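Enquirer: Using only what follows, build the 3D model:
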Amino acid sequence: MKIGIQSMGTIGCEPGDNLVHEFKKIKNAGFDAVDFNFEVFVDSRTQYMSDGSCFFDKPIGELLTFFEPYKEACKAAGLEFSQGHAMFGMYPETENELAQFIKVQKNVIMISGDMEIPYLVIHPLNLRRKYGKHAEIEKNLEYFRALAPTAKEAGVVICLENLFTWENGRTFTGACTDENEVLFYMKELNLEFPERFGFCLDTGHANLMRKNLREYINLIGDNIKILHIHENDGVRDLHAMPFTYVSNWGSPSLSDWRGVIDGLADIGYDGTLNFETGPMFFALPEGLHDPARKFMYELGAYLKKEIEK
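Expert: Purely as a prediction, here's the structure:
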């Protein structure tokens with residue numbers, strides 16, 4: 001079982017950076033793997049636009065050339081890409097915008113294949129507050145069916161993720177909040193496109209939705225291919241390190257980490273323990289980034305030990 005962390009926030013990843021040096025920051029902390037964040041390269045306001053303003057709306061050859069240094073730097077640092085994260089946002093308002101979004105997501109899938117990223121998180125479209133759950137499911141099936149042939153060509157497994165919706169300062173259920181909905185997507189999509197779809201368990205989102213995590217993990221089972229491990233206060237999607245938030249002094253963490261540990265042990269999970277905690281680094285002074293990365297790795301080592309008992 002490997003231990004990984006997302007690139008966003010954890011390291012600098014701009015084209016002008018010394019990329020090998022940046023990836024070595026992750027390696028030097030002890031990590032084995034990286035979750036590569038494609039969404040940082042695009043402005044969500046332009047990702048549905050066909051006027052050339054979207055970063056990923058370029059010839060695929062040009063995009064592959066752009067990302068080649070990231071692939072080489074990761075290898076040079078002694079790391080591997082365990083997974084990636086594609087663009088996400090609100091549902092496109094028109095059919096033309098949806099077609100454009102599918103086009104650029106296909107480019108991200110092709111880049112992932114070239115970078116040897118085996119699993120790519122692509123959020124289901126959160127539509128139930130506007131269209132209802134049934135319409136949301138139908139539109140998501142259409143969306144993922146459009147992406148599946150490209151994923152097969154690239155050798156990439158698309159992973160759906162458990163989401164929530166946010167309105168008026170409150171959280172509501174979103175796509176894949178319910179485990180039976182997850183199983184429905186996995187059955188329908190993999191029946192048509194065998195072994196091309198998996199699931200990314202996001203512990204923070206599950207905490208927001210008050211899920212019984214051991215039960216949730218057991219029901220979804222080996223459909224869980226990758227993880228987004230992070231913590232929050234039960235109200236906001238904060239992406240903090242595990243064991244951070246408590247309800248009272250001396251009380252256990254708000255997130256059910258024992259449920260996560262036991263659930264992953266129950267299903268024999270042997271994938272990467274990946275931390276999606278980049279945003280916490282935005283709050284830390286630069287001088288604390290190295291110790292924070294090392295502590296994050298130690299958290300991963302602890303979780304691994306507990307799961308493998």
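Enquirer: And the helices in the stretch 151-300 of the chain?
Expert: Assigned by DSSP state H, counting those that start in this stretch, the stretch 151-300 of the chain shows helices spanning 179-192, 203-208, 213-220, 257-266, 278-282, 289-307.
Enquirer: residues of the fifth one that come out buried?
Expert: When neighbours are counted by 16 or more other Cβ atoms under 10 Å, the buried residues of helix 278-282 are found to be 278-281. C-betas here are computed from N, CA, C, even on glycine.
Enquirer: related to what we said a few turns ago, make a markdown table from the helices of the stretch 151-300 of the chain and add distance to Arg129 and mean pLDDT to it.
Expert: Below are the helices of the stretch 151-300 of the chain laid out as a markdown table (distance: least, Cβ to Cβ, whole Å; pLDDT from 0 to 100):
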| stretch | distance to Arg129 | mean pLDDT |
| --- | --- | --- |
| helix 179-192 | 15 | 98 |
| helix 203-208 | 15 | 97 |
| helix 213-220 | 22 | 98 |
| helix 257-266 | 28 | 98 |
| helix 278-282 | 24 | 93 |
| helix 289-307 | 34 | 98 |
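Enquirer: most tightly surrounded among the ones you listed?
Expert: Of all the helices of the stretch 151-300 of the chain, helix 203-208 has the most neighbours on average by mean count of other Cβ atoms under 10 Å, namely a mean of 24.
Enquirer: and that one, what does it pack onto?
Expert: When contacts are defined as 3 or more Cβ pairs under 8 Å, 6 or more residues apart in numbering; DSSP states H and E, helix 203-208 sits against helix 213-220, strand 224-228.
Enquirer: picking that back up, out of the helices of the stretch 151-300 of the chain, the one nearest Lys2 is which?
Expert: helix 289-307 (8.8 Å; Cβ to Cβ).
Enquirer: any idea of the mean pLDDT for the helix or strand hosting Tyr143?
Expert: Taking DSSP states H and E as the criterion, Tyr143 maps to helix 133-154. For helix 133-154, mean pLDDT is 96.
Enquirer: ok and that helix relative to helix 179-192, angle-wise?
Expert: Following axes from the mean of the first three to the mean of the last three Cα atoms, to 10 degrees, one obtains 40 degrees for the angle between helix 133-154 and helix 179-192.
Enquirer: Using PDB, write down the CA coordinates of helix 133-154.
Expert: Coordinates of each C-alpha in helix 133-154 appear next as PDB, following Å, rounded to 0.1, in the frame of the first residue of the first chain:
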ATOM      1  CA  LYS A 133     -32.200  13.200  -9.000                       C
ATOM      2  CA  HIS A 134     -33.600  11.100 -11.900                       C
ATOM      3  CA  ALA A 135     -32.600  13.700 -14.500                       C
ATOM      4  CA  GLU A 136     -29.200  14.100 -12.900                       C
ATOM      5  CA  ILE A 137     -28.500  10.300 -13.200                       C
ATOM      6  CA  GLU A 138     -29.600  10.200 -16.800                       C
ATOM      7  CA  LYS A 139     -27.500  13.200 -17.800                       C
ATOM      8  CA  ASN A 140     -24.500  11.700 -15.900                       C
ATOM      9  CA  LEU A 141     -24.800   8.400 -17.700                       C
ATOM     10  CA  GLU A 142     -24.800  10.300 -21.000                       C
ATOM     11  CA  TYR A 143     -21.800  12.400 -19.900                       C
ATOM     12  CA  PHE A 144     -19.700   9.400 -18.800                       C
ATOM     13  CA  ARG A 145     -20.700   7.300 -21.800                       C
ATOM     14  CA  ALA A 146     -19.300  10.100 -24.000                       C
ATOM     15  CA  LEU A 147     -16.000  10.000 -22.200                       C
ATOM     16  CA  ALA A 148     -15.600   6.200 -21.900                       C
ATOM     17  CA  PRO A 149     -14.200   5.400 -25.400                       C
ATOM     18  CA  THR A 150     -11.400   8.000 -24.900                       C
ATOM     19  CA  ALA A 151     -10.600   6.500 -21.500                       C
ATOM     20  CA  LYS A 152     -10.400   3.000 -23.100                       C
ATOM     21  CA  GLU A 153      -8.000   4.300 -25.800                       C
ATOM     22  CA  ALA A 154      -5.900   6.100 -23.100                       C
END
